[in-house]
Every structure is written in structure tokens, then in C-alpha cells.
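S.K.: Build me a model from this:
(one chain, ligands or ions: 2)
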Amino acid sequence: MPVHLVERMQPFATTIFAEMSALAVRTEAINLGQGFPDTDGPASLLDDAVAAIRSGANQYPPGIGVPELRRAISEHQQRFYGLDVDPDSEVLVTAGATEAIAATILALAGNQDEVVTFEPYYDSYAASIALAGATRRTVVLRRPDFSFDRAELAAAFGDRTRLVLLNSPHNPTGKVFTRAELELVAELATEHDAIVVTDEVYEHLAFDGVEHVPVATLPGMAERTVTISSAAKTFSVTGWKIGWLHAPAEITSAVRAVKQFLTYVNGAPFQPAVARALGLPAEFFATLAADLQAKRDVLSNGLREAGFAVFPSSGTYFVIADAAPLGFDDGMQLCLRLPELAGVAAVPVSVLCDDQQAARSLVRFAFCKRDDVLADAVERLAKLSRR
Ligand code: PMP
Ligand code: GLN
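M.R.: Ligands and ions are numbered 1, 2, ... in the order given. Next up, the predicted model:
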């Protein structure tokens with residue numbers, strides 16, 4: 001542990017995704033740990049970024065993002081969800097959803113404040129809350145359907161609650177929050193005058209016809225919701241780090257005040273390219289989800305055949321499997337040994353939890369990989385059942 005790291009960040013010295021990716025590289029295992037696709041996004045998007053570089057979009061873009069991207073985000077929200085968003089005062093382009101999350105929490109929650117979130121949580125949530133000096137209050141999403149207890153959620157709210165931070169479709173469980181669940185969150189947030197921060201980076205990755213409901217579309221919620229998304233998953237460009245948020249103007253300018261001192265701006269040539277991609281025909285978005293749904297099925301079936309208990313995933317890049325039926329009651333120990341046992345890397349869910357018992361034997365696998373890679377991984381995992 002580096003002795004110079006401030007105390008509040010010491011629990012976050014390395015991310016589990018970086019750790020397991022490094023293990024995969026070292027052992028030449030198939031990396032089903034960190035969630036990133038192994039194929040490129042649409043050719044038109046890549047060509048547009050190259051053209052933008054060639055045409056000189058290489059200096060600082062405007063602090064709030066280039067106008068064409070802010071307009072495209074506004075049009076996207078109208079087209080898919082019927083939301084009215086003013087591109088000039090209510091949109092902020094960020095260095096990935098990661099910066100949108102960090103800047104929002106730093107802007108809106110301080111010392112003494114509490115942030116309600118669900119667990120397992122995306123690791124940057126806990127780190128960003130810690131950076132802000134705020135306190136997290138978590139509510140466990142429980143197996144088998146990763147639903148939550150109404151009373152437990154209500155009990156997480158208090159006088160100090162400033163924010164509710166949620167993610168749907170949800171990493172790592174693949175849960176898509178139902179309208180009724182979101183209404184309950186909305187009701188409690190309103191009652192406690194809290195702002196809802198909703199991470200919708202997997203908005204276009206919902207399967208089986210399950211509907212993704214943006215919190216901002218619920219009655220009365222647009223005025224107290226920060227909606228966050230990103231080009232990373234929708235266009236398979238996780239390395240580009242183009243994210244955004246939209247919220248009422250006052251909230252957006254508060255977040256902008258923080259964001260300008262984190263990265264100031266980023267990704268000048270990628271911004272116009274993403275702007276055009278947001279306008280791709282409906283068929284593009286439908287095909288993306290259908291392809292991933294098929295990959296989910298391949299990996300889920302393979303994991304089941306290997307002896308895991310597999311929980312249904314309705315969205316994202318991820319599926320959760322319980323290693324207990326294979327005789328592993330500790331997911332972390334299994335993930336450290338999985339490259340050697342089966343030539344595959346995965347991520348233990350317990351590191352994304354405060355309640356260590358709730359997810360002790362659970363492991364997250366990513367299925368956003370080429371079909372041949374998934375087939376190879378499934379074949380390798382079958383070794384586990386033959387041990
Ligand atoms: N939120 C969630 C739930 C994620 O899984 C990720 C990971 N990619 C992010 C945010 C970060 O997105 P970005 O790469 O745009 O920063
Ligand atoms: N979002 C990716 C995942 O959950 C990882 C991104 C990262 O490594 N920070 O796997």
C-alpha cells in the first residue's frame with residue numbers, strides 16, 4: 001500500500017478490472033473480466049473521427065462540448081425517450097461517464113452528506129463518493145432476481161441524503177430496473193429532496209424486449225435528475241472516453257464548475273464523430289442489442305454446463321454466476337485461480353459490495369466478445385465440471 005495515498009483513497013489503490021486484466025495478460029487467459037468489446041464500432045464512426053483529425057479538430061473544444069454533439073444528445077433523448085433537453089444549458093460533455101459521475105458527486109455532495117446507492121455497485125461510485133468526502137449508504141440487490149427490499153431502501157434515506165446514485169441496466173448483475181422500482185426510488189428521493197443521479201451507459205443494451213426506463217421520464221423527475229451516458233458501450237469505443245450528462249440548467253452548471261478543473265475538456269475529434277453516430281438509424285441500435293443477447297445466451301449456457309448456477313441477465317455486457325455449486329465459496333479465490341484452472345479471467349462480485357456475505361461466491365463474466373472467443377472460453381470452462 002503506497003504510504004503517500006490519502007487515507008480516504010486507500011481502499012481504492014487499484015481497480016479490480018485493471019488487476020484481473022493484468023492477470024489475464026500474464027497468464028494468456030481469455031479476458032472475460034474487464035468489460036470491453038473485442039470488435040470495433042461502426043465504420044462510419046471511425047471514419048468520421050479520422051476525418052475530424054484530418055480537418056483540424058485538434059485543439060481544445062468548448063468546455064461544455066462541441067455544439068453538434070450537445071445537439072445530438074438532445075435529439076437522441078427526444079427520439080428515444082421523448083425528453084426535452086436544451087442542448088445549450090442542460091447538457092455537459094465529459095471524459096467518459098466516469099468523469100460525469102465523479103464531477104456530479106463532487107459538485108453535489110460534500111462532507112457530512114450521504115449518497116444512497118445499490119450494491120453490488122460499479123467501483124467508481126464508491127471511489128467518487130470517497131473523493132467527495134461523503135458517505136455511501138448501500139441497499140443490497142438480492143438474488144435470484146437482484147430486487148431490493150422496499151423497507152431497506154427507505155431506511156437508507158435520512159436527513160443527510162443528497163443524492164441517489166443508480167445504474168440501469170445494471171453492472172454487474174445485468175438487472176434492468178422496472179418502472180415500479182424506479183418509481184419507488186423517485187418517491188423517496190422527492191420526499192427527501194434528493195437528486196437522482198442515473199448512470200444509463202448500457203441504455204441500448206437491454207435484452208428480451210425488456211424496456212429501459214430513464215428516471216428523467218418519470219412524472220416530476222426531470223427537474224431532480226442527472227442522466228449520465230457515454231459513447232463507450234453504445235458504439236463499442238470504450239477507449240474514446242466521450243461521455244455526457246444532462247440535467248436542469250442549474251445542476252448542469254454546478255457540475256460544469258467541477259468538471260472544468262478535472263479534465264477541462266477532452267476528445268475534440270471524437271466529439272463530432274459521436275454526434276453523427278447518435279443519429280444512426282434505429283436498426284443499428286436494435287442489431288447491437290440482438291447480437292449481444294445471442295452472446296449472453298452462449299456464455300450463460302456454457303457457464304451452466306460448466307457447473308455454475310447462472311443468474312438471468314437482461315442487459316449490459318455481463319452475467320453473474322455462482323461458483324458455490326462447483327465447490328468454490330469464495331469468488332475472489334476462484335478468480336485468482338481461474339486462469340490456471342480454465343484459462344479464463346473473470347471478476348469477483350464481492351469487491352463491488354460492502355456486504356461481503358451477499359455476494360461471496362459470485363463471479364461476473366463479460367460476454368461482449370467475438371463468437372469464436374466465446375466458444376473457446378466455453379470449451380475451456382467445461383474443464384471445471386470435469387475436475
Ligand atoms: N458506469 C458503468 C456502470 C460502467 O460499467 C462503466 C464502464 N465502462 C462506466 C460507467 C464508465 O464509462 P466510461 O468508459 O464512459 O467512462
Ligand atoms: N466498465 C468496465 C467493467 O465494468 C471497466 C472499466 C474500467 O476498467 N474502469 O468491466
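S.K.: how much space between residue 253 and residue 92?
M.R.: 9 Å (C-beta to C-beta, to the nearest Å). For glycine as for every other residue, the C-beta is placed from the backbone atoms N, C-alpha and C.
S.K.: Show me which of the two is the more surrounded one.
M.R.: residue 92 (28 against 15; other C-beta atoms under 10 Å).
S.K.: show me the contacts for that one.
M.R.: 64, 65, 100, 244, 245, 246, 252, 255, 256, 259 (C-beta atoms under 8 Å, 6 or more residues apart in numbering).
S.K.: Likewise for residue 115?
M.R.: 105, 109, 125, 129, 134-137, 161-165.
S.K.: who's the closest residue to ligand 1 within the stretch 151-300 of the chain bridged to?
M.R.: Closest contact between the stretch 151-300 of the chain and ligand 1, by C-beta to the nearest ligand atom, is at residue 230 (3.2 Å). Beta-bridge partners recorded for residue 230 (DSSP bridges): residue 243.
S.K.: what number of residues lie near it?
M.R.: Quick note: residue 230 (other C-beta under 10 Å) scores 28 neighbours.
S.K.: isn't it right up against residue 204?
M.R.: No. If you go by C-beta atoms under 8 Å, residue 230 and residue 204 don't touch, sitting 10.9 Å apart.
S.K.: residues in contact with the closest residue to ligand 1 within the stretch 51-200 of the chain?
M.R.: Residue nearest to ligand 1 within the stretch 51-200 of the chain (C-beta to the nearest ligand atom): residue 96, separated by 2.4 Å. Residues in contact with residue 96 (C-beta under 8 Å, 6+ apart) are 230, 232, 241, 242, 243.
S.K.: Ranking by neighbours, what's the top pick from those residues?
M.R.: Neighbour counts for these (other C-beta under 10 Å) peak at residue 230, which has 28 neighbours.
S.K.: Now do the end-to-end distance for stretch 111-123.
M.R.: 20 Å (C-alpha to C-alpha, to the nearest Å).
S.K.: And stretch 146-159, by the same measure?
M.R.: Where stretch 146-159 begins and where it ends lie 27 Å apart, using C-alpha to C-alpha.
S.K.: for the record, mean pLDDT for that stretch?
M.R.: Average pLDDT, stretch 146-159: 97.
S.K.: Please state the offset of it from the chain centre?
M.R.: 21 Å (C-alpha atoms, centre = their mean, to the nearest Å).
S.K.: returning to what we had before: pick the one among the contacts of residue 96 closest to ligand 2.
M.R.: Using C-beta to the nearest ligand atom, the contacts of residue 96 come closest to ligand 2 at residue 232, 7.8 Å.
S.K.: tell me the average confidence for stretch 71-84?
M.R.: Averaged across stretch 71-84, the pLDDT comes to 98.
S.K.: Report the distance from that stretch to the chain centre.
M.R.: 20 Å.
S.K.: picking up where we left off before, roughly how far apart are the residue of the stretch 51-200 of the chain closest to ligand 1 and residue 207?
M.R.: For residue 96, the distance to residue 207 - C-beta to C-beta - is 24 Å.
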